[in-house]
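Chemist: Based on what follows, work out the 3D shape:
(2 chains)
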Protein chains: 2
Amino acid sequence: MSLKFFHGHGSPYAWRVWLALEHLGLPYELTVLSFSDKDQMKPGFVAINPRHQVPTIVHDGFALWESLPILEYLDEIAPARRLYPGSAQERARIRRLIREEENHLDDQGLTPIYQELYTRGPGEQPDMAKLDAGRKKLAEELDYFGSELKGRFLAGDSPTAADFALYPEIAYVKRIGAKKPESGLAGILPPPIAEWAARIEALPYFDKTFPPHWRS
Amino acid sequence: MSLKFFHGHGSPYAWRVWLALEHLGLPYELTVLSFSDKDQMKPGFVAINPRHQVPTIVHDGFALWESLPILEYLDEIAPARRLYPGSAQERARIRRLIREEENHLDDQGLTPIYQELYTRGPGEQPDMAKLDAGRKKLAEELDYFGSELKGRFLAGDSPTAADFALYPEIAYVKRIGAKKPESGLAGILPPPIAEWAARIEALPYFDKTFPPHWRS
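Modeler: Next up is the predicted model:
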């Protein structure tokens, strides 16, 4: 079996897949694309993925992109269904949590905060009302996900796709809180989520997936 | 088996689920919520789905929301996998097409057009540059999806989750084109997509799923 994984440090979507690959124990060949060198726009990669995005995998010649389809696919080809385990209802709950993370915590919470703090032109001030609304929504969603923990992780005592989809967003919350005091995100994680994040960070394969440029 | 389906006319996400339920041939009990009466905010419904959104299903007491997790779940409980048929690679492609529809055709094409034409305050003019950029992206994506047809539908000669996820967006393109000439959407569908949409509209169960307030 040949499994290639194209990653880019800083992509929360690619980070999901890396954590999942390690959790499943699938052997893979890692290629890290440099966004600053625009590696993802180079012809060799565009020939693999015309959307020129990470994550992308190539499994025995089959190219696939979009993080959630990749997680589902990896789970189907792995020896045991460790990303979406359990009954149809348990799998449905994992998928529901992932979409809630994307549609509520991210789109309505973290993304507006990121936009106000990172994507405005030079000298332009963030819109404080939008920042506050994003932070309020984010805090609500963090409480919600804390209440959805079922044991050590979101779906029991082992991590699943729900945890790997959520974790990179939480890592961004922590990073923005540390880098931008005006974000008000420092200390925003409620204890259940802070403890859950520490459990992800203690996984034996976590360290190698951490963005190197975040260490400084 | 008891399967309840909560729908709202005009929700493209709920429309996906209705088409899928019919395609699978699952018996279900339909409840149509009225958005203008704010039915989705009434305590009885909020007790079922704290996100108070359609689509929502309740299967033998198990409540589930978010359209894609619902489609996956319905496929798992149905007698045959008719929404995500085929091999792991064929299923992965269906899931990839759905996410591309959401992340590219909708978020970068149709949604900006909708926002400029429907969500601005009274007397406010649409931003023509944003409208034009949305229309250009939409046209590119329509060509892309046309090129992804494999026979009569996106994954062969029977519709799958990819078709049911895409169709409501195409119905919105047609409706906006007809209602808002300034959108420039009339006639934007390339022939392969127009013909594909006609095939969806010819499905024996299609008519009953069409929003009644769109008929006038």
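Chemist: Show me what from chain A comes close to chain B.
Modeler: Within reach of chain B by CB under 8 Å from any CB of the partner chain, chain A has these residues: A:51, A:62, A:64-66, A:68-70, A:72-73, A:76-77, A:88-89, A:91-93, A:95-96, A:99-100, A:103-104. Every C-beta, even on glycine, is put in place using the N, C-alpha and C of the backbone.
Chemist: again, only using 7 Å
Modeler: A:62, A:64-66, A:68-69, A:72-73, A:76-77, A:88-89, A:92, A:95-96, A:99-100 (CB under 7 Å from any CB of the partner chain).
Chemist: Just the buried residues of these.
Modeler: A:64-66, A:68-69, A:72-73, A:77, A:88, A:92, A:95-96, A:99-100 (16 or more other CB atoms under 10 Å in any protein chain shown).
Chemist: Dump the residues you listed into JSON lines; add secondary structure as well.
Modeler: As requested, those are exported to JSON lines (DSSP: H, G, I helix; E, B strand; the rest coil):
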{"residue": "A:64", "secondary structure": "strand"}
{"residue": "A:65", "secondary structure": "strand"}
{"residue": "A:66", "secondary structure": "coil"}
{"residue": "A:68", "secondary structure": "helix"}
{"residue": "A:69", "secondary structure": "helix"}
{"residue": "A:72", "secondary structure": "helix"}
{"residue": "A:73", "secondary structure": "helix"}
{"residue": "A:77", "secondary structure": "helix"}
{"residue": "A:88", "secondary structure": "helix"}
{"residue": "A:92", "secondary structure": "helix"}
{"residue": "A:95", "secondary structure": "helix"}
{"residue": "A:96", "secondary structure": "helix"}
{"residue": "A:99", "secondary structure": "helix"}
{"residue": "A:100", "secondary structure": "helix"}
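Chemist: need the residues you listed in JSON lines with pLDDT, can you?
Modeler: Formatted as JSON lines, these follow (pLDDT from 0 to 100):
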{"residue": "A:64", "pLDDT": "98"}
{"residue": "A:65", "pLDDT": "98"}
{"residue": "A:66", "pLDDT": "98"}
{"residue": "A:68", "pLDDT": "98"}
{"residue": "A:69", "pLDDT": "98"}
{"residue": "A:72", "pLDDT": "98"}
{"residue": "A:73", "pLDDT": "98"}
{"residue": "A:77", "pLDDT": "97"}
{"residue": "A:88", "pLDDT": "97"}
{"residue": "A:92", "pLDDT": "98"}
{"residue": "A:95", "pLDDT": "98"}
{"residue": "A:96", "pLDDT": "98"}
{"residue": "A:99", "pLDDT": "98"}
{"residue": "A:100", "pLDDT": "98"}
